[in-house]
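1. what follows is a protein structure lacking sequence information:
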């Protein structure tokens with residue numbers, strides 16, 4: 001079951017709980033607009049997409065990824081999930097997603113810039129501060145977004161900087177954005193632990209993913225919740241120390257793995273992280289990591305989804321059936337889109353907020369969303385993920 005199939009299966013079950021008929025279900029599953037086009041840059045001809053799923057609650061919102069495996073199904077799944085996510089956390093935006101099928105790591109900066117600008121040129125009449133507000137995603141960053149904003153300004157004359165989020169700070173980006181997804185994850189976990197009356201201090205945590213999201217989750221979770229991160233994995237290895245990897249003292253670096261080894265961490269196979277003997281398993285890497293075939297390997301009592309769609313729908317049901325709680329991605333990893341929304345608010349108003357204010361607003365929005373989901377799950381006798389989808393469909397429908 002791939003990510004699109006999983007998203008559609010969960011939507012179908014939530015829609016049944018709300019007594020939606022088949023016509024209404026299909027209307028929701030159908031994107032409002034699909035932009036499927038080719039970008040040319042030198043000798044390159046690249047397939048590109050922007051899928052705008054729903055703007056029922058506000059402008060389309062969602063990232064643009066540069067990755068060789070980008071395809072229409074993946075982009076549609078992510079656009080649909082973004083509509084669910086923005087509604088589940090109750091921010092006034094919709095859902096969209098975009099991508100270009102190429103690997104930027106195989107090209108020089110000038111070529112990547114050309115592709116970023118051509119992407120905007122192809123979509124200039126379909127995006128904008130009140131229409132569709134893209135953001136960074138896999139293999140895109142503030143530099144790429146700054147190029148896109150500049151191109152949009154050149155083409156339209158818009159000077160608000162509200163056409164894209166995830167910009168550099170000096171170009172209208174928001175303080176707190178780098179840590180936002182990881183910080184959102186600890187807020188969601190904190191609220192679940194509080195409701196379940198589980199003391200966080202000393203809990204053993206294993207984290208799949210050593211990029212921005214996984215790193216900041218690990219660092220902030222140790223600092224603010226008092227958990228002990230005992231294992232962390234990248235695509236090559238799992239690095240572990242049962243006494244703790246001490247992320248609280250570390251700074252984000254592409255040399256993090258070498259730093260962990262230097263400090264005495266042992267290594268094992270990368271895939272071993274999924275079966276780590278920990279209280280909490282954090283999935284902060286890629287989608288479709290846990291399937292029905294390997295869900296029995298999961299030993300943790302709590303799985304926190306910080307990637308998009310890391311647990312398939314059938315695996316989610318199997319985990320819940322054996323009393324493993326899955327804190328769903330549409331809440332747990334919403335910190336990034338929430339702070340993107342706050343960045344958009346700042347740009348629209350011409351103001352710049354302190355990092356403390358951004359973090360306070362993030363905490364307020366995500367705490368409210370997580371509590372609403374837990375209350376609905378109790379009332380419906382369903383999983384947290386299903387409750388999140390029910391709430392989202394109610395708000396959109």
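-> Arrived safely. All of these numbers come straight from a predicted model, not from anything done at the bench.
2. residues in contact with stretch 20-37?
-> For stretch 20-37, contacts defined as CB atoms under 8 Å, 6 or more residues apart in numbering pick out 8, 11-12, 15, 47-55, 60, 72, 76, 79-80, 122-123, 126, 393, 396-397. The C-beta positions use only the backbone N, C-alpha and C, and glycine is treated the same way.
3. buried subset of the residues you listed?
-> Using 16 or more other CB atoms under 10 Å as the burial test, the contacts of stretch 20-37 include 8, 11-12, 15, 48-55, 60, 76, 79-80, 122-123, 393, 396 as buried.
4. now, which of these lie within helices?
-> 8, 11, 12, 15, 76, 79, 80, 122, 123, 393, 396 (DSSP state H).
5. which ones are touching the fourth one?
-> Residues near residue 15 by CB under 8 Å, 6+ apart: 24, 25, 28, 393.
6. element containing the first one?
-> If I follow you right, that is residue 24. For residue 24, the host element (DSSP states H and E) is helix 22-29.
7. and after that helix, which helix or strand comes next?
-> Next element after helix 22-29 (DSSP H and E): strand 33-41.
8. mind listing what's buried along that next one?
-> 35, 39, 41.
9. kindly report the same for stretch 132-142.
-> 132, 133, 134, 135, 136, 137, 138, 139, 140, 142.
10. I'd like the residues you listed laid out as TSV, including distance to residue 213.
-> What follows is the buried residues of stretch 132-142, written out as TSV (distance: CB to CB, whole Å):
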residue	distance to residue 213
132	24
133	21
134	19
135	14
136	12
137	12
138	11
139	14
140	14
142	15
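11. quick one, phi/psi of the closest residue to residue 264 other than its chain neighbours?
-> Closest residue to residue 264 apart from its sequence neighbours, by CB to CB, 6 or more residues apart in numbering: residue 241 at 6.4 Å. Dihedral pair for residue 241: phi -160, psi 110, per degrees, to the nearest 10.
12. distance check, residue 241 against residue 277.
-> 14 Å (CB to CB, to the nearest Å).
13. those two: who's more crowded?
-> Between residue 241 and residue 277, residue 241 has the larger neighbour count (other CB atoms under 10 Å), namely 17 against 11.
14. residues touching the more buried one, list them.
-> 230, 264, 265, 266.
15. ok, now with 10 Å
-> 228, 229, 230, 231, 232, 260, 263, 264, 265, 266 (CB atoms under 10 Å, 6 or more residues apart in numbering).
16. out of the residues you listed, which end up buried?
-> 228, 229, 230, 231, 232, 260, 265.
17. part of a helix, is the fifth one?
-> It stands for residue 232. No. Read with DSSP: H, G, I helix; E, B strand; the rest coil, residue 232 is strand and lies in no helix.
18. quick one: which of the contacts of residue 241 sit in strands?
-> Here DSSP state E is the test, and those give 228, 229, 230, 231, 232, 266 as lying in strands.
19. measure the fifth one to residue 268 for me?
-> When distances are taken as CB to CB, residue 232 and residue 268 turn out to be 12 Å apart.
20. give me the common contacts of these two.
-> Counting by CB under 10 Å, 6+ apart, the shared contacts of residue 232 and residue 268 are 238, 239, 240, 276.
21. most widely separated two among the residues you listed?
-> 239 and 276 (11.3 Å; CB to CB).
22. what touches both of the two?
-> Shared contacts of residue 239 and residue 276, counting by CB under 10 Å, 6+ apart, come down to 230, 231, 232, 233, 268.
23. quick one, grab the pLDDT at the second one.
-> Right, residue 231. pLDDT for residue 231: 98.
24. that one against residue 269, yeah?
-> No. In this structure residue 231 lies outside contact range of residue 269 using CB atoms under 10 Å: 11.7 Å.
25. list residues touching both of these two?
-> residue 238.
26. now render the ones in strands among the contacts of residue 241 as TSV, adding distance to residue 158.
-> Shown next, in TSV, are these (distance: CB to CB, whole Å):
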residue	distance to residue 158
228	48
229	43
230	48
231	46
232	41
266	53
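27. quick one: the strands in the stretch 1-150 of the chain, in order.
-> Remark: strands assigned in the stretch 1-150 of the chain by DSSP state E, counting those that start in this stretch are 33-41, 44-54, 60-66, 95-100, 132-136.
28. can you tell which of the ones you listed is closest to residue 256?
-> strand 132-136 (20.0 Å).
29. tell me the domain boundaries of this protein?
-> 32-82+91-169, 174-397 (automatic domain parsing).
30. out of those domains, which is closest to residue 1?
-> Judging the domains of the chain by CB to CB, what sits closest to residue 1 is domain 174-397, at 4.5 Å.
31. quote the end-to-end distance of the closest one.
-> 31 Å (CA to CA, to the nearest Å).
32. how far does it sit from its chain's centre?
-> 10 Å (CA atoms, centre = their mean, to the nearest Å).
33. now do the same contact list for the residue of the chain most remote from its centre.
-> Distance from the centre of the chain peaks at residue 43, with 32.9 Å (CA atoms, centre = their mean). Residue 43 sits next to no residue when contact means CB under 10 Å, 6+ apart.
34. residues near residue 58, how many?
-> The number of residues near residue 58, taken as other CB under 10 Å, comes to 18.
35. check residue 361 too.
-> There are 17 residues near residue 361, going by other CB under 10 Å.
36. so it sits in a strand?
-> No. Residue 361 is assigned helix when assessed by three-state DSSP, not a strand.
37. rewinding a little: if we take the ones in helices among the buried ones among the contacts of stretch 20-37, which one ends up nearest to residue 97?
-> residue 79 (3.9 Å).
38. residues touching that closest one, list them.
-> 7, 31-34, 49-54, 60-63, 94-98.
39. would you confirm that residue 341 contacts residue 94?
-> No. Look at residue 341 against residue 94 with CB under 10 Å: they stay out of range, at 11.2 Å.
40. list the buried ones in the helix or strand of the chain with the lowest mean pLDDT?
-> Lowest on mean pLDDT, DSSP states H and E among the helices and strands of the chain sits helix 3-17, with a mean of 87. With burial defined by 16+ other CB under 10 Å, the residues of helix 3-17 counted as buried are 3-4, 6-15, 17.
41. same check on stretch 67-81?
-> So for stretch 67-81, counting by 16+ other CB under 10 Å, buried means 67, 70, 74, 75, 76, 77, 78, 79, 80, 81.
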